[in-house]
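Novice: generate coordinates for the sequence data below:
(one chain, ligands or ions: 1)
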Amino acid sequence: MRGVVCYYSGSGNTRLACEHLAARVGIDLDLVDVVDDAKVDLASYDVVGLAAPTDFGGMPQRFETFIDGLPQQQGKPVFLLNTFGFMSGRTLRDMADLATSRGFEVLGGHSLRMPEDYPPMIAIRLGFAGQPTRGGVRAFDTFIDGLASTLGALQRDEAVARRPIRIGLLSAASRTRARTAAREDMGDKSVDAELCTECGLCEQRCPYRAITLSPKPVFDMGACYGCWRCYNQCPQHAIYTARFRGGPYYPGPSRRTRETLEA
Ligand SMILES: Cc1cc2nc3c(=O)[nH]c(=O)nc-3n(C[C@H](O)[C@H](O)[C@H](O)COP(=O)(O)O)c2cc1C
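Specialist: Residues are numbered from 1 along each chain as shown. So this is what the prediction gives:
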């Protein structure tokens, strides 16, 4: 059995969670970044995973566009993975609804708490750098082990138990914000011309192609979805907003986070 996980990962948290799942689930699993390779041929895989972080209570716009653009799947089995910092809200349920609308058969899904990569939360000391906890990883492993036995049953052509998507009461009561809310919340971006070395990383890494180097970055705020990737990942910390300049930043999963998920 061969599987593929199509993931979106702004800072690397979701990618790390996918690597942990791939190492444990017991089948060959390719990992494909939807930003790099939006045209993956799902027909050559027996099972698909869809993985994304929570972004303002829902899926990142880029990830939603990817799933929306997939051909109808005629019952292809799919599992879902979400990472979040503070509250995943309706993300997992939205993912399940969207996947179902594309013809996937949802086997189950899991939300894993990870550190926040959203600078305004880090600024108010809600960065959750200690996530995931060992308990969080254990719950994730229980999900992966259940998924492994479901995939085993699928391989043997046995009936499989679908695990319902469960989200907490608070998450269920929350609402998914407009996909433009993060952009509005972030406000206009600027670049410190003295710090910027015109390396082009921001242009390369922008999931929305909303940055053009000319020769310094020029921001198209109509195309930006406020993911903070350019701000967080500029090697010179040259990119800033009206409210945030010089930090805080989330450069990616720390060694502690990596070790917790490797253990
Ligand atoms: C623009 C933005 C919005 C976010 N919104 C939420 C949110 O509504 N709820 C939450 O729990 N985490 C939120 N987060 C935190 C991320 O979901 C979390 O840090 C995730 O693990 C990041 O995964 P990634 O590195 O794969 O992108 C947000 C992060 C960003 C950058």
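Novice: element containing residue 50?
Specialist: strand 47-53 (DSSP states H and E).
Novice: where does the record place the domain boundaries for the chain?
Specialist: 2-175+253-262, 181-241 (automatic domain parsing).
Novice: neighbouring strands - and their directions - for the strand holding residue 50?
Specialist: Strand pairing for strand 47-53, determined by DSSP bridges: strand 2-7 (parallel), strand 77-84 (parallel).
Novice: hmm, back to that, using TSV, please lay out the domains of the chain together with mean neighbour count, mean pLDDT and distance to the ligand.
Specialist: Placement of C-beta: from N, CA and C, glycine included. Output for the domains of the chain, formatted as TSV (neighbours: other Cβ atoms under 10 Å; pLDDT from 0 to 100; distance: least, Cβ to the nearest ligand atom, whole Å):
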stretch	mean neighbour count	mean pLDDT	distance to the ligand
domain 2-175+253-262	18	95	3
domain 181-241	17	97	4
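Novice: let's have the ones you listed in CSV, adding distance to residue 247.
Specialist: Output for the domains of the chain, formatted as CSV (distance: least, Cβ to Cβ, whole Å):
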stretch, distance to residue 247
domain 2-175+253-262, 8
domain 181-241, 7
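Novice: for the strands paired with strand 47-53, which one sits closest to residue 149?
Specialist: In terms of Cβ to Cβ, the element of the strands paired with strand 47-53 nearest to residue 149 is strand 77-84, at 12.4 Å.
Novice: skip ahead from that closest one and say which helix or strand is next.
Specialist: Following strand 77-84 toward the C-terminus (DSSP H and E): helix 91-101.
Novice: just the angle between that following helix and strand 47-53, please?
Specialist: 140 degrees (axes from the mean of the first three to the mean of the last three Cα atoms, to 10 degrees).
Novice: give me the distance from helix 91-101 to the chain's centre.
Specialist: Computed by Cα atoms, centre = their mean, to the nearest Å, the chain-centroid distance of helix 91-101 equals 14 Å.
Novice: ok, then the element right after it?
Specialist: strand 105-113.
Novice: contacts for whichever helix or strand comes after that next one?
Specialist: Using DSSP H and E, the helix or strand that follows strand 105-113 in sequence is helix 119-123. Helix 119-123 is contacted from outside by 85-86, 116, 127, 185, 228, 231-232, 243-244, 247-250, using Cβ atoms under 8 Å, 6 or more residues apart in numbering.
Novice: where along the stretch 101-250 of the chain do the helices fall?
Specialist: Shown for the stretch 101-250 of the chain, the helices assigned by DSSP state H, counting those that start in this stretch span residues 119-123, 134-155, 169-173, 181-186, 201-205, 229-233.
Novice: now do the longest one against strand 2-7, angle only.
Specialist: Think helix 134-155. 140 degrees.
Novice: off-centre distance for helix 134-155?
Specialist: Distance, centroid of helix 134-155 to centroid of chain: 19 Å (Cα atoms, centre = their mean).
Novice: ok, the first one next?
Specialist: Taking Cα atoms, centre = their mean, one finds helix 119-123 lying 18 Å from the centre of the chain it belongs to.
Novice: quick revisit: including distance to residue 159, could the strands paired with strand 47-53 go into JSON lines?
Specialist: Formatted as JSON lines, these follow (distance: least, Cβ to Cβ, whole Å):
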{"stretch": "strand 2-7", "distance to residue 159": "20"}
{"stretch": "strand 77-84", "distance to residue 159": "13"}
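Novice: tell me the angle the strand holding residue 50 makes with strand 105-113.
Specialist: Angle, strand 47-53 to strand 105-113, by the same axes, to 10 degrees: 30 degrees.
Novice: pull strand 47-53 out as PDB, backbone CA atoms only.
Specialist: Taking C-alpha atoms only, strand 47-53 is exported to PDB below (Å, rounded to 0.1, in the frame of the first residue of the first chain):
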ATOM      1  CA  VAL A  47      -4.600   6.400   0.500                       C
ATOM      2  CA  VAL A  48      -4.300  10.100   0.900                       C
ATOM      3  CA  GLY A  49      -3.500  12.300   3.900                       C
ATOM      4  CA  LEU A  50      -4.400  16.000   4.100                       C
ATOM      5  CA  ALA A  51      -2.500  18.100   6.700                       C
ATOM      6  CA  ALA A  52      -2.700  21.700   7.500                       C
ATOM      7  CA  PRO A  53      -2.400  24.200  10.400                       C
END
